[in-house]
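Chemist: Below are the sequence and a predicted model; questions follow.
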Amino acid sequence: MDEREARKLIVEIGRLMYDKGYVTSSDGNISYRLGENLILATPTQVSKGRMTEDIMALTDLDGKPLNDKRVSSEIQMHLLIYRMRPDVNAVCHAHVPHGTAFAAAGLSIDAPILSEVILTLGCVPLTAYGTPSTPELTDALKPYVEHHNALLMENHGVVAYGKDLWQAFDRLETLEHTAKIAILARSLGGANDLPKDAIEKLINIREKAGYLTESARCQACGYLQETGISCGSDKHLNSEFQNANSNGSSAKISLTREELIELLSQAANNRS
Ligand code: 13P
């Protein structure tokens with residue numbers, strides 16, 4: 001895609017993000033890899049619903065400005081992804097309400113409840129909080145970028161990426177749709193997980209159909225571990241995921257309010 005088309009598409013996707021309520025005010029940013037060392041990105045502090053093609057900033061892969069526009073304050077997050085993923089040419093960051101609700105609640109989007117999501121996106125892990133626009137944020141994302149196509153940033157928002165601008169946007173849309181369904185299902189009493197054999201079949205289909213590569217078997221998903229078809233190599237799994245799945249003191253678990261009350265009352269009964 002040439003620069004003229006990319007500018008046009010960034011404006012179109014920005015408007016879609018704004019119209020769908022994925023961003024408000026001047027939230028969010030979008031970028032596209034125009035060449036080996038050339039990135040086109042939205043400028044800082046503009047509404048993504050009211051952009052024009054002439055306002056885009058150009059930088060190199062280190063973030064050095066290549067025109068007179070002030071690039072997004074989150075450019076380093078985009079550049080980290082481009083540096084780590086040669087297959088990625090577009091990045092969309094937004095504060096989608098349902099996805100960001102997961103991120104604010106300290107939850108990943110990783111339950112195997114929707115066949116289509118296992119096929120096309122995989123798991124969306126929660127990355128630790130880091131101050132926006134600082135290395136804290138990029139350091140927190142680093143362990144997850146290689147094997148995932150979208151990430152939740154704790155108490156902040158989400159980022160999705162792909163081979164082109166539409167794929168990055170589609171992944172953002174799938175993430176938000178999934179988060180919304182998961183929240184709705186919870187209000188109906190909770191979603192049912194797909195059984196192990198169904199997950200295995202979906203993973204085989206997604207690789208054959210080319211939705212996701214085998215690299216996605218290394219994602220930080222509890223259900224991959226349970227099926228035994230994860231990539232299997234410890235070196236692929238980031239340390240936070242290993243901690244979360246180990247018996248170490250830093251392991252995180254989540255309980256419903258009722259489960260917590262039940263546990264506490266059992267503990268109280270045992271003491272008396
Ligand atoms: P910019 O306006 O600098 O792109 O920042 C928007 C944003 O969403 C920060 O998280």
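Modeler: That came in fine, so what should we check first?

Chemist: What parts of the stretch 1-150 of the chain come near the ligand?
Modeler: Proximity of the stretch 1-150 of the chain to the ligand, by Cβ under 6 Å from any ligand atom, involves residues 26-29, 42, 44-45, 72-74, 132. For the C-beta atoms, the positions are set from N, CA and C on the backbone; glycine is no exception.

Chemist: can you give me the helices in the protein?
Modeler: Listed in chain order, the helices found in the chain under DSSP state H are 3-19, 75-84, 97-105, 115-120, 135-145, 165-187, 196-209, 222-227, 239-244, 257-271.

Chemist: tilt between the longest one and helix 3-19?
Modeler: Inter-element angle recorded for helix 165-187 and helix 3-19: 20 degrees (by axes from the mean of the first three to the mean of the last three Cα atoms, to 10 degrees).

Chemist: hang on, isn't residue 15 packed against residue 47?
Modeler: No. In this structure residue 15 lies outside contact range of residue 47 using Cβ atoms under 8 Å: 9.6 Å.

Chemist: what about the chain, any weak spots by pLDDT?
Modeler: Segments of the chain classed as low confidence (criterion: pLDDT under 70) are 232-272.

Chemist: Excluding chain neighbours, give the residue nearest to residue 25 in space.
Modeler: Counting by Cβ to Cβ, 6 or more residues apart in numbering, the nearest residue to residue 25 once its immediate chain neighbours are dropped is residue 47, at 6.7 Å.

Chemist: For residue 83, list the residues it contacts.
Modeler: The neighbourhood of residue 83, defined by Cβ atoms under 8 Å, 6 or more residues apart in numbering, consists of residue 61.

Chemist: Would you mind measuring from it to residue 101?
Modeler: When distances are taken as Cβ to Cβ, to the nearest Å, residue 83 and residue 101 turn out to be 30 Å apart.

Chemist: again with residue 14
Modeler: 22 Å.

Chemist: of those two, who's got more company?
Modeler: residue 14 (25 against 15; other Cβ atoms under 10 Å).

Chemist: The more buried one touches residue 51, doesn't it?
Modeler: Yes. Residue 14 is in contact with residue 51 according to Cβ under 8 Å; the separation is 4.8 Å.

Chemist: shared neighbours of the two, anything?
Modeler: Taking Cβ under 8 Å, 6+ apart as the contact definition, residue 14 and residue 51 share the neighbouring residues residue 42.

Chemist: before we move on, back to that, turn the residues of the stretch 1-150 of the chain next to the ligand into a markdown table, including neighbour count.
Modeler: Rendered in a markdown table, the data for those read as follows (neighbours: other Cβ atoms under 10 Å):
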| residue | neighbour count |
| --- | --- |
| 26 | 16 |
| 27 | 17 |
| 28 | 27 |
| 29 | 28 |
| 42 | 29 |
| 44 | 16 |
| 45 | 10 |
| 72 | 24 |
| 73 | 14 |
| 74 | 23 |
| 132 | 15 |
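
Chemist: what's the most distant pair in those?
Modeler: Farthest-apart pair in these is 42 and 132; separation 14.8 Å (Cβ to Cβ).

Chemist: how many neighbours does residue 47 have?
Modeler: Going by other Cβ under 10 Å, the residues that sit close to residue 47 add up to 15.

Chemist: Kindly report the same for the one 3 residues further on.
Modeler: Residues within reach of residue 50, counting by other Cβ under 10 Å, total 12.

Chemist: Contact partners for it?
Modeler: Applying Cβ under 8 Å, 6+ apart, we find residue 50 in contact with residue 18.

Chemist: Distance-wise, check it relative to residue 72.
Modeler: Distance check for residue 50 against residue 72: by Cβ to Cβ, it reads 15 Å.
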